[in-house]
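S.K.: Quick one, fold the following:
(one chain, ligands or ions: 2)
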Amino acid sequence: MCRHRGNRIVRADDGNAKNFMCSYHGWTYSNEGKLVSVPGLQEAYYGELDVDNLGLVPVAHLESYAGLVFATWAEDAPTLEEYLGDMRWYMDIWFNRRDSGVELIGPDKWVGKFNWKNSTDNFIGDMYHAILSHRSALLARAQSLGVPAAPLSYSRPGNQVSPGNGHGCFAGIYDTPEDYYRRNAVNEDSPLMEYNKSIYDEMLRRLGPSRAHRIGPEHSSVFPNMSWLPNGTVRIWHPRGAGETEVWSFTFVDKAMPEELKRLWRVQCMQSFGPSGLLEQDDMDNWRNSSEAGRSLVARKTPNVISMGAGHEWDNPELPGLSVPNTFSEINQRSMYKRWQEFMDAKSWGDISIDPITATFEGTATMKG
Ligand code: FES
Ligand code: FE
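M.R.: Ligands and ions are numbered 1, 2, ... in the order given. Just a heads-up that it's a prediction; the model follows:
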């Protein structure tokens with residue numbers, strides 16, 4: 001943000017530069033944030049501008065993890081490691097499985113007429129909708145690939161896991177390494193099968209046996225607005241008011257993955273999610289209508305039902321956090337809205353609780369990746 005009239009300084013999503021010039025009146029900042037040039041400094045400001053104290057506002061904390069960069073302006077915020085807590089145990093399995101870390105391709109951006117909580121609610125724990133909302137798309141896709149469609153059943157083994165701090169994910173448990181090798185491979189001939197096999201030893205070294213092939217996290221969200229799916233789609237949901245969200249959609253790939261596989265992974269991902277994705281359209285329509293109808297007079301006085309799986313939580317020794325041993329549960333939505341309420345009521349980080357890290361991190365994958 002420019003210190004003169006608050007204009008946006010950086011408009012490109014990637015690349016690098018030594019200096020950044022504001023497009024409004026031309027104040028220019030170095031890539032360290034110092035104000036290095038002001039048009040008319042002598043003539044119009046009479047040389048009286050306090051240039052040394054008009055650099056860009058620095059972030060209070062800047063940390064990276066597996067190639068992802070997180071920053072905050074809050075001085076009293078916890079470290080990224082504390083903030084992620086036990087969620088990192090699950091994130092590692094996708095983002096920190098290789099020495100190279102990940103890279104994000106994108107973003108595609110669009111604005112949807114829905115509240116950001118609709119989308120986080122969906123990605124953090126809603127397997128329930130997939131059976132009905134995506135039924136026709138999944139049937140069509142199964143038919144075109146010549147594979148069986150997912151069963152129409154509401155009793156499916158799996159674990160909705162709430163690792164604390166408002167984060168959440170679905171954790172599948174694989175019984176054999178072969179199940180792991182099939183991840184993201186649309187059929188047995190997919191080159192991703194070979195790729196998954198080829199990185200197994202590296203994953204084992206970095207993550208230990210449990211996370212290398214036993215646990216398979218799927219839909220996931222880091223509170224409040226970062227979500228991803230195992231097919232590679234990553235979302236940042238930027239609120240643009242109560243009824244509008246700007247979606248930033250990326251595809252994550254292992255940085256060290258061969259280029260042709262990155263392309264295959266990305267194309268597969270785009271076929272399901274993104275502006276032209278087969279499944280994305282179903283979700284957007286539901287979120288828009290939930291958000292619009294939810295703001296009506298009657299809806300505001302009528303609570304939603306969010307009780308699925310309540311009272312069935314347990315401390316699964318294989319999975320850090322609190323789990324409901326069921327594919328279908330709203331444990332994660334409950335924890336997300338509770339966290340959101342906590343944030344809304346807090347005046348500073350001092351009022352916000354941080355769950356301790358309880359996960360055991362086997363292997364060599366560190367926080368910095
Ligand atoms: Fe940036 Fe004026 S707003 S130079
Ligand atoms: Fe969906």
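S.K.: In the protein, where is pLDDT below threshold?
M.R.: Across the chain, the ranges flagged by pLDDT under 70 are 369.
S.K.: Residues of it that sit close to ligand 1?
M.R.: With the criterion set to C-beta under 6 Å from any ligand atom, the chain comes near ligand 1 through Cys2, His4, Arg5, Asn7, Cys22, Tyr24, His25, Gly26, Trp27. Yep, even glycine has a C-beta here, placed from its N, CA and C like the rest.
S.K.: which one of these sits closest to Thr364?
M.R.: Thr364 has its nearest neighbour among those in Cys2, at 43.0 Å by C-beta to C-beta.
S.K.: ok, that closest one touching Met21?
M.R.: No. If you go by C-beta atoms under 8 Å, Cys2 and Met21 don't touch, sitting 9.7 Å apart.
S.K.: More neighbours: the two, which one.
M.R.: Using other C-beta atoms under 10 Å, the more surrounded residue of Cys2 and Met21 is Cys2, with 21 against 16.
S.K.: quick one: contacts for that one?
M.R.: Cys2 sits next to Arg8, Ile9, Cys22, Tyr24, Trp27 when contact means C-beta atoms under 8 Å, 6 or more residues apart in numbering.
S.K.: Surely the first one touches Met21?
M.R.: No. Counting by C-beta under 8 Å, no contact exists between Arg8 and Met21, whose distance comes to 11.9 Å.
S.K.: first to last residue in stretch 241-261, what's the distance?
M.R.: This stretch, stretch 241-261, spans 38 Å end to end (C-alpha to C-alpha, to the nearest Å).
S.K.: Name the residues of stretch 312-323 that come out as buried.
M.R.: Residues of stretch 312-323 classed as buried: Glu313, Asn316, Leu319, Pro320, Gly321, Leu322, Ser323 (neighbour count, 16 or more other C-beta atoms under 10 Å).
S.K.: Please disregard the earlier target; I meant stretch 52-69.
M.R.: By neighbour count, with 16+ other C-beta under 10 Å as the criterion, the buried positions of stretch 52-69 are Leu56, His61, Glu63, Tyr65, Ala66, Gly67, Leu68.
S.K.: Please compare these by their distance to Pro177 and name the closest.
M.R.: Ala66 (22.7 Å).
S.K.: quick one, phi/psi of the closest one?
M.R.: phi 50, psi 30 (degrees, to the nearest 10).
S.K.: thinking it is in contact with Ile93, fair?
M.R.: No. Counting by C-beta under 8 Å, Ala66 stays clear of Ile93, with 10.9 Å between them.
S.K.: what ranges do the helices span in the stretch 1-150 of the chain?
M.R.: For the stretch 1-150 of the chain, the helices defined by DSSP state H, counting those that start in this stretch cover 80-84, 87-95, 116-125, 128-133, 135-145.
S.K.: so what sits against both of Cys2 and Met21?
M.R.: Both Cys2 and Met21 are contacted by Trp27, under the criterion C-beta under 8 Å, 6+ apart.
S.K.: residues near the residue of the stretch 251-369 of the chain found nearest ligand 1, how many?
M.R.: Of all residues in the stretch 251-369 of the chain, Ser348 sits closest to ligand 1, at 30.0 Å by C-beta to the nearest ligand atom. When neighbours are counted by other C-beta under 10 Å, Ser348 registers 10.
S.K.: Identify the residues contacting it.
M.R.: Asp76 are the contacts of Ser348 under C-beta under 8 Å, 6+ apart.
S.K.: Roughly how far does it sit from Asp76?
M.R.: Distance, Ser348 to Asp76, by C-beta to C-beta, to the nearest Å: 6 Å.
S.K.: same question, Leu322
M.R.: Using C-beta to C-beta, Leu322 is found at 27 Å from Asp76.
S.K.: now do Leu278
M.R.: Going from Leu278 to Asp76 by C-beta to C-beta gives 44 Å.
S.K.: now swap in Asp92 and tell me
M.R.: 27 Å.
S.K.: still on that earlier bit, dump the helices of the stretch 1-150 of the chain into CSV; add mean neighbour count as well.
M.R.: Output for those, formatted as CSV (neighbours: other C-beta atoms under 10 Å):
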stretch, mean neighbour count
helix 80-84, 19
helix 87-95, 25
helix 116-125, 24
helix 128-133, 16
helix 135-145, 13
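S.K.: which residues in the stretch 51-200 of the chain form strands?
M.R.: For the stretch 51-200 of the chain, applying DSSP state E, counting those that start in this stretch gives strands covering 61-65, 68-72, 102-112, 159-164, 167-173.
S.K.: Can you tell me which of those is most buried?
M.R.: Neighbour counts (mean count of other C-beta atoms under 10 Å) averaged over each of the strands of the stretch 51-200 of the chain peak at strand 159-164, with a mean of 28.
S.K.: Run through the neighbouring helices and strands of it.
M.R.: Strand 159-164 makes packing contacts with helix 87-95, strand 167-173, strand 322-324, helix 331-345 when contacts are defined by 3 or more C-beta pairs under 8 Å, 6 or more residues apart in numbering; DSSP states H and E.
S.K.: Any chance of these in TSV with distance to Arg235 as columns?
M.R.: Listed next are those as TSV, based on distance: least, C-beta to C-beta, whole Å:
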stretch	distance to Arg235
helix 87-95	14
strand 167-173	14
strand 322-324	24
helix 331-345	14
